[in-house]
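>>> need a structure here:
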Amino acid sequence: MVHYEFQQSVRDVLHSAKMTACELGHETLTPDHILLALLASDAPSVAPILDGSLASRADATEAWRRSLIPGGGSSSRREVPYSPSAKRVLEHAMISARSLGHEWIATSHLLGGLMKLEDSKAATFLREHGLEADQVEAAVAVHSADETSA
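The predicted structure follows:
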């Protein structure tokens with residue numbers, strides 16, 4: 001069995017997603033939180049993909065942030081479990097890494113995993129803003145190695 005190492009930038013994105021879920025009082029971490037963290041990330045494997053596809057990443061980030069509705073949970077929770085759909089994002093990221101022969105997960109793999117959830121609100125938002133799954137897949141192969149040297 002292959003062990004996949006999450007690059008530091010992925011750990012940072014997932015931590016940011018967790019903090020957003022807590023701040024919004026959500027009971028679970030979802031693909032919506034992962035997308036917001038990716039949009040805000042300057043990680044070298046995801047930034048070129050988003051910057052090259054979105055007319056304005058800052059505008060997209062703000063629009064996505066406004067779309068997240070606060071929940072009724074406690075913002076002081078220390079542990080926020082991953083929702084089943086967020087776990088699927090991670091699974092798709094690992095599958096992408098494996099298909100490229102990588103033993104590590106970069107933020108671009110996460111973005112690709114997010115795009116694989118075609119019926120998700122997050123993937124729909126990205127498509128509406130000009131990002132397509134096949135475009136992300138091609139870019140992952142090019143940019144994912146950028147994080148190993150960062």
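
>>> in the protein, which spans are strands?
The residue ranges that make up the strands of the chain, judged by DSSP state E, are 5-6, 104-105.

>>> report how many residues lie close to Glu23.
Residues within reach of Glu23, counting by other C-beta atoms under 10 Å, total 12. Heads up, the C-betas are built off the backbone N, CA and C, glycines and all.

>>> circling back to that earlier point, and among the strands of the chain, the most buried is which?
Between the strands of the chain, the one whose residues have the most neighbours on average, counting mean count of other C-beta atoms under 10 Å, is strand 104-105 (a mean of 20).

>>> so what strands line up beside that strand?
Sheet partners assigned to strand 104-105 using DSSP bridges are listed as strand 5-6 (parallel).

>>> identify the residues contacting the partner strand?
With contact meaning C-beta atoms under 8 Å, 6 or more residues apart in numbering, strand 5-6 is reached by Leu14, Glu103, Trp104, Ile105.

>>> from the chain's centroid, how far away is that strand?
Strand 5-6 has its average C-alpha position 14 Å from the chain's average C-alpha position, going by C-alpha atoms, centre = their mean, to the nearest Å.

>>> I'd say Val13 and Leu35 touch.
No: the pair Val13 and Leu35 does not pass the contact test of C-beta atoms under 8 Å, sitting 9.9 Å apart.

>>> put together a markdown table for the strands of the chain, with mean pLDDT on each row.
Conversion of the strands of the chain to a markdown table gives the following (pLDDT from 0 to 100):
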| stretch | mean pLDDT |
| --- | --- |
| strand 5-6 | 90 |
| strand 104-105 | 90 |
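
>>> could you export those strands as a markdown table, including distance to Ser83?
As requested, the strands of the chain are arranged in a markdown table below (distance: least, C-beta to C-beta, whole Å):
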| stretch | distance to Ser83 |
| --- | --- |
| strand 5-6 | 18 |
| strand 104-105 | 18 |
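
>>> among these, which comes closest to Gly113?
Counting by C-beta to C-beta, Gly113 lies closest to strand 104-105 out of the strands of the chain; the figure is 8.8 Å.

>>> biggest separation within the contacts of strand 5-6, which pair?
Using C-beta to C-beta, the two most remote members of these are Leu14 and Glu103, lying 18.3 Å apart.

>>> what's the burial count for Ser56?
Around Ser56 there are 11 other residues, counting by other C-beta under 10 Å.
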